[in-house]
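S.K.: Starting from these lines, generate the structure:
(one chain, ligands or ions: 1)
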Amino acid sequence: MRFETLAIHGGHGPDPAYGAVMQPIYQVSTFAFRGVQEPGPYDYTRSGNPTRAALEKCLAALEGGDHGFVFATGMAAETAVLALFEAGDHLIVHNDLYGGTYRLLTSVVQKQGIDVNFVNLRDLDALRAAIRPETRLIWTETPTNPLMNLQDLPAVAAIAHEHNVLTLCDNTFLTPYFQRPLDLGIDIVLHSTTKYINGHSDVVGGAVIVRDAELAERLKFLQNALGVAQSPMDCFLVLRGVKTLPLRMEAHHRNALIVAEWLEGQSKVDRVLHPGLKSHPQYELAQRQMTGCGGTFSFRVRGGQDAVFRLLGAVRLFILAESLGGVESLIEHPWTMTHASMPDDAKTEAGITPDLVRISVGLEHPEDLIADLQQAFQKV
Ligand SMILES: *Cc1c(COP(=O)(O)O)cnc(C)c1O
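M.R.: Now for the predicted structure:
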């Protein structure tokens, strides 16, 4: 079945109990045994729940995977994946990525004796040089949050597999609608479903999708052992959100490109970082590996942080808030907001400087969004 059909029917049909067309919310903690020593298909919601199973099957189908797992947040999904590794293992992580991932790796994972190296994975020679006998995982995020840099997934996967190293792609920004990492040779796909997959700014959630059965067994064990799974109500909301993912992603992509092209013509804008623009240094890779760009991108404002603060203070329709991927347009300042947990020198080295603004273009009419930015730039 095609993507649009799987988004609606993947993982569940009418409920066998009463024929409910939408997956019901099994809002229970525990399930009755059928008899002594005879559990039913579910026993306890931390280990499994029918509403959760429906969402997990749907997301696995959309990514072209065989096994899906959903978690309380994107960070909970990362926690489960990182629990696959132990002291002495070595991980290679792209050096420009979501601030919360950086914080988890540096303030928790490294302290457990796991060695984490941040490497610019656009440089494949640097990747090759960083691999050691203890290397277990290469972590990509493409496009990166917030700089919209890309990593060449088939090239990274080929190098990893030569060395028997697992690969992960955080696919939050594009969703499987615009990029399918498993098809490009990646082993583990990770999402913050809080963003585009749910898409309505009313849930936090995470997901992990794999093809390998043994890896799936270990993740299932960790999801239960760590107690990081998503609640039935939240699974229901994400399942509802995902049904319109194809329509929403098309509209986010269209609106964001219109706004990005307009911004490129503004004298107070220094650079627009959007992989769908010909000015993006990796435009060609974007055309090869992604089928669209979604709604999130960044731009640099002339005049530094003071100018940025005047812009952020003047918008009326754009909402000043962290997060992205919802129907409403958001604007934020990575240096002091989403990426505040990264030390200033690490931010600067990656290119996250005080003049950078990130926007998440929603589903409003793009002319209203441009009108808002236009009036706000007059106050910059
Ligand atoms: C938001 C985000 C996360 C973390 O997800 P939460 O749902 O906020 O815990 C991870 N990766 C990326 C790329 C994100 O944007």
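
S.K.: Kindly confirm my reading that Asn255 is in a strand.
M.R.: No. Counting by DSSP: H, G, I helix; E, B strand; the rest coil, one finds Asn255 to be helix, located in no strand.

S.K.: Count the neighbours of it for me.
M.R.: Neighbours of Asn255 under the rule other Cβ atoms under 10 Å: 21. Glycine gets a C-beta too; all of them are placed from N, C-alpha and C.

S.K.: what do you get for Glu63?
M.R.: 25.

S.K.: ok, now Gly313?
M.R.: Neighbour number of Gly313 under other Cβ under 10 Å is 11.

S.K.: Leu105 now?
M.R.: 19.

S.K.: On the three-state scheme, it is what?
M.R.: Strictly by three-state DSSP, Leu105 counts as helix.

S.K.: I'd say it and His94 touch.
M.R.: No. Contact criterion Cβ atoms under 8 Å: Leu105 and His94 do not qualify, at 11.1 Å.

S.K.: how far does the helix or strand hosting Asp306 sit from the chain's center?
M.R.: Remark: Asp306 resides in helix 304-314, with elements defined by DSSP states H and E. Here helix 304-314 is found 27 Å from its chain centre; the criterion is Cα atoms, centre = their mean, to the nearest Å.

S.K.: Please identify the buried residues of that helix?
M.R.: 307-312, 314 (16 or more other Cβ atoms under 10 Å).

S.K.: which parts of the stretch 1-150 of the chain sit against the ligand?
M.R.: 73-75, 98, 100-101, 141, 145 (Cβ under 6 Å from any ligand atom).

S.K.: which of these tops the neighbour count?
M.R.: Asn145 (26 neighbours).

S.K.: which phi and psi does that one have?
M.R.: Here is the backbone geometry of Asn145 (degrees, to the nearest 10): phi -100, psi 110.

S.K.: ditto for the one 10 residues further on
M.R.: Comment: the main-chain dihedrals of Ala155 come out as phi -70, psi -40, following degrees, to the nearest 10.

S.K.: Name the nearest residue to it, sequence neighbours excluded.
M.R.: Leu124 (5.8 Å; Cβ to Cβ, 6 or more residues apart in numbering).

S.K.: which residues touch the spatially closest residue to Asp170 that is not a sequence neighbour?
M.R.: Nearest residue to Asp170 in three dimensions, chain neighbours excluded: Glu141, at 4.0 Å (Cβ to Cβ, 6+ apart). Glu141 is in contact with 94, 97-98, 101, 151, 169-170, 172-173, counting by Cβ atoms under 8 Å, 6 or more residues apart in numbering.

S.K.: Repeat the analysis, applying 10 Å as the threshold.
M.R.: Neighbour list for Glu141: 93-94, 96-98, 101, 121, 149-151, 168-173, 190 [criterion: Cβ atoms under 10 Å, 6 or more residues apart in numbering].

S.K.: Val210 now?
M.R.: Applying Cβ under 10 Å, 6+ apart, the residues near Val210 are 60, 63, 65-69, 81, 166, 168, 182, 186-190, 216, 218-219.

S.K.: Out of those, list just those in strands.
M.R.: 67-69, 166, 168, 188-190 (DSSP state E).

S.K.: of those residues, closest to His12?
M.R.: Gly68 (12.7 Å; Cβ to Cβ).

S.K.: Next one: the closest one from Ala260, what distance?
M.R.: Relative to Ala260, Gly68 is positioned 32 Å away (Cβ to Cβ, to the nearest Å).

S.K.: If you count contacts, what does the next helix or strand after the helix holding Asp306 end up packed against?
M.R.: Scanning forward in sequence from helix 304-314 by DSSP H and E, the next helix or strand is strand 319-320. Secondary-structure packing of strand 319-320 (3 or more Cβ pairs under 10 Å, 6 or more residues apart in numbering; DSSP states H and E): strand 330-332.

S.K.: Tell me the neighbouring strands of the strand it packs on, and mark each as parallel or antiparallel.
M.R.: Using DSSP bridges, the strands paired with strand 330-332 are strand 319-320 (parallel), strand 356-360 (antiparallel).

S.K.: Filter the contacts of Val210 down to the buried ones.
M.R.: Using 16+ other Cβ under 10 Å, the buried ones in the contacts of Val210 are 60, 63, 65, 67-69, 81, 166, 168, 182, 186-190, 216, 219.

S.K.: so what's whatever residue of the chain ends up closest to the ligand closest to, chain neighbours aside?
M.R.: Closest approach between the chain and the ligand, counting by Cβ to the nearest ligand atom: Gly74, at 2.2 Å. Nearest non-adjacent residue to Gly74, counting by Cβ to Cβ, 6+ apart: Ser192, 2.8 Å away.

S.K.: Please report how far that neighbour lies from Ala207.
M.R.: 8 Å.
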